[in-house]
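Student: Sequence and computational prediction follow.
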Amino acid sequence: MNAPASNSEGPDLVVAGAGGGLAAALRAAQLGLDVLVVEASEHFRRGNNTSMSTAMIPGAGSRWQATEGIDDSPEQFVADIMRKTKGSADARLTKAMAEVSAPLVEWMADHLAIPLTLVTDFSYPGHSAFRCHTVEGRHGSILLDHLAQAVSTNDKIDLLAPGRLTEVLLDDDQAVRAVVIQMPDGSTEEITTRAVVLATNGYGGSPELVRELIPEIADARYHGSETSLGDALRIGAELGADSAFLDAYQGHAALSKKATTLVGWATIMHGGIVLGQDGRRFGDETTGYSEYAATLAAQPGSEGWIVIDQAIFDKCLAFTDFQQTVDSGAIVWADTADDLAQVTGLPAEAVTLELSDIDAISRGESIDSHGRTYFANPLVAPYAAVKIVPALFHTQGGLVVDEHARVLRPNGSPITGLYASGGAAMGISGHGASGYLAGNGLLPALGLAYLAANNIAAQNR
């Protein structure tokens, strides 16, 4: 390592990661702080986990909900999270995320002029109310473009990309005093600062850590940022920080095998089904797309087929990801059950029987043996099908933080000046994949960043 140069008068805040961490920079700048954002990839607008999301941000008790007459509250959101995680999510962080959710989306709309709308055309598994807010196209790249544009026009924020934050340095009082930035040529620079937000996401891009910590999904495709290498965990461990929920992750059971695009679980929630290689369903798809990734991974060949009809197809075109799957040519069509079996290569007798069973279940004439209780309507020919494989989207465990996003030591004391958000911090999904709710990635990414900026600004007064 080269001897780092010293910058005696640095920014009030350094943010590592230009995804959800941009919310910390924008909120801190609004509160009068000078900010440096350091991002490892120059292509971050299309290559980080925020940009690869479906841009769903929960907001419990938002003004959009009020306009639609939807009764919701942070308490109801907390209850949903605790129900989905079977009580294993961190209670303090869950409460903080639920309480900040509505103020966050309203701040994004009012201060950043991001055109958010409330999703009311279908409900994600586990949410008891329509509370997910998104942008047109329902794609994270559009959301991130808005954030990046706001940063580019803010004279209190500097963006360094590419550059990688590799170290956080403490003073004699064990408070943050500086960071070390490594450039692509290997040179380093030490920059003085009193506050750091680690927004470098999790460790999904590290096959070694994934196999060690979440082996059940280790053989699935990774569909996330290549810079999510566990930097925050490493830096935090060096500083004596605690970590938790390292086995938690968001999986997805709807990645197109052919196009590696996200097919999307709206296909299921609008009434679609998943068939295995034997032509039969193998579980209740509506339990959630995250946990269903491991279910799919356990099937022969670790692949399956999503089957929908024309009505579902048309409804899903609102999602950029689904449109990209359509454009890729990954979807095949069939006019009959026999045709569906032929174009998918599945056993004809099994496919015919499964579609017949689904028709009876959706009409209320029989009960699903897998426990699924919701089918929007019977599937009607012509049918559309797409081959899917399980994927790991991002990890949900990380550094232990409090309700201000401050990174904590094992004894519960904060490391002064050190904050974490998103996948760099422990999440609100409990353990494994089954506790994940739509928005559980973006809400901590944006919400913890927002709370960190508020706390840092308060400390600088």
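Tutor: Thanks, I have the structure now.

Student: secondary structure element for the residue of the chain positioned farthest from its centre?
Tutor: Largest separation from the mean C-alpha position in the chain: residue 349, at 38.7 Å (CA atoms, centre = their mean). Using DSSP states H and E, the element containing residue 349 is helix 348-362.

Student: One more: residue 169?
Tutor: Using DSSP H and E, residue 169 falls in strand 164-170.

Student: now do residue 418
Tutor: Assigned by DSSP H and E, residue 418 falls in strand 414-420.

Student: which stretches of the chain have low pLDDT?
Tutor: In the predicted model of the chain, residues 1-8 satisfy pLDDT under 70.

Student: what about the longest strand in it?
Tutor: In the chain, assigned by DSSP state E, the strand with the most residues is strand 383-395.

Student: Report the inter-axis angle for that one versus helix 348-362.
Tutor: Relative orientation of strand 383-395 versus helix 348-362 (axes from the mean of the first three to the mean of the last three CA atoms, to 10 degrees): 80 degrees.

Student: Tell me which other helices or strands strand 383-395 touches.
Tutor: If contacts are counted by 3 or more CB pairs under 8 Å, 6 or more residues apart in numbering; DSSP states H and E, strand 383-395 sits against helix 207-213, strand 221-222, strand 249-256, helix 289-297, strand 304-309, helix 310-316, strand 332-334, helix 337-344. Where you see a C-beta, it was placed from the backbone N, CA and C, and this is true even at glycine.

Student: from the chain's centre, how far out does the second one sit?
Tutor: Same thing as strand 221-222. Relative to the centre of its chain, strand 221-222 is centred 14 Å away, using CA atoms, centre = their mean, to the nearest Å.

Student: Over to the third one?
Tutor: Counting by CA atoms, centre = their mean, strand 249-256 is centred 11 Å from the centre of its parent chain.

Student: I'd like to know how far residue 271 sits from residue 307.
Tutor: Per CB to CB, to the nearest Å, residue 271 is found 10 Å from residue 307.

Student: no, scratch that, I was asking about residue 229
Tutor: Distance of residue 229 to residue 307, computed by CB to CB: 37 Å.

Student: Please apply the same query to residue 239.
Tutor: Between residue 239 and residue 307 the distance is 50 Å, computed by CB to CB.

Student: Name the residue in these two with the higher neighbour count.
Tutor: A direct count of neighbours by other CB atoms under 10 Å for residue 239 and residue 307 places residue 307 higher, at 25 against 18.

Student: hmm, back to that, give the next helix or strand downstream of the strand holding residue 418.
Tutor: Later in the chain than strand 414-420, the nearest helix or strand by DSSP H and E is helix 442-459.

Student: And that next one, what's buried?
Tutor: Going by neighbour count (16 or more other CB atoms under 10 Å), the buried part of helix 442-459 is 442-457.

Student: residue contacts, the residue farthest from the centre of the chain?
Tutor: Residues in contact with residue 349 (CB atoms under 8 Å, 6 or more residues apart in numbering) are residue 279.

Student: And it, how far from residue 130?
Tutor: Counting by CB to CB, the gap from residue 349 to residue 130 is 40 Å.

Student: Ok, residue 183 next?
Tutor: Distance, residue 183 to residue 130, using CB to CB: 46 Å.

Student: cool, and residue 81?
Tutor: The value you get for residue 81 to residue 130, if CB to CB is used, is 16 Å.

Student: who has more neighbours, the two?
Tutor: The neighbour comparison of residue 81 against residue 130 (other CB under 10 Å) goes to residue 81, with 28 against 18.

Student: Tell me the residues that contact both of residue 271 and residue 307, please.
Tutor: residue 379.

Student: returning to that earlier point: elements contacting the strand holding residue 418?
Tutor: Strand 414-420 packs on strand 176-182, strand 196-198, helix 231-238, strand 406-408, helix 442-459, going by 3+ CB pairs under 8 Å, 6+ apart.

Student: Of the ones you listed, which is nearest residue 142?
Tutor: Of all the helices and strands packed on strand 414-420, helix 442-459 sits nearest to residue 142, with 12.9 Å by CB to CB.

Student: now that closest one against strand 383-395, angle please.
Tutor: For helix 442-459 against strand 383-395, the angle by the same axes, to 10 degrees is 30 degrees.

Student: Output the helices and strands packed on strand 383-395 in a markdown table; the columns should cover distance to residue 40.
Tutor: As requested, those are exported to a markdown table (distance: least, CB to CB, whole Å):
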| stretch | distance to residue 40 |
| --- | --- |
| helix 207-213 | 17 |
| strand 221-222 | 17 |
| strand 249-256 | 21 |
| helix 289-297 | 26 |
| strand 304-309 | 34 |
| helix 310-316 | 33 |
| strand 332-334 | 39 |
| helix 337-344 | 41 |
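
Student: most tightly surrounded among those?
Tutor: Burial of the helices and strands packed on strand 383-395 is given as mean neighbour count (mean count of other CB atoms under 10 Å); strand 249-256 ranks first at a mean of 28.
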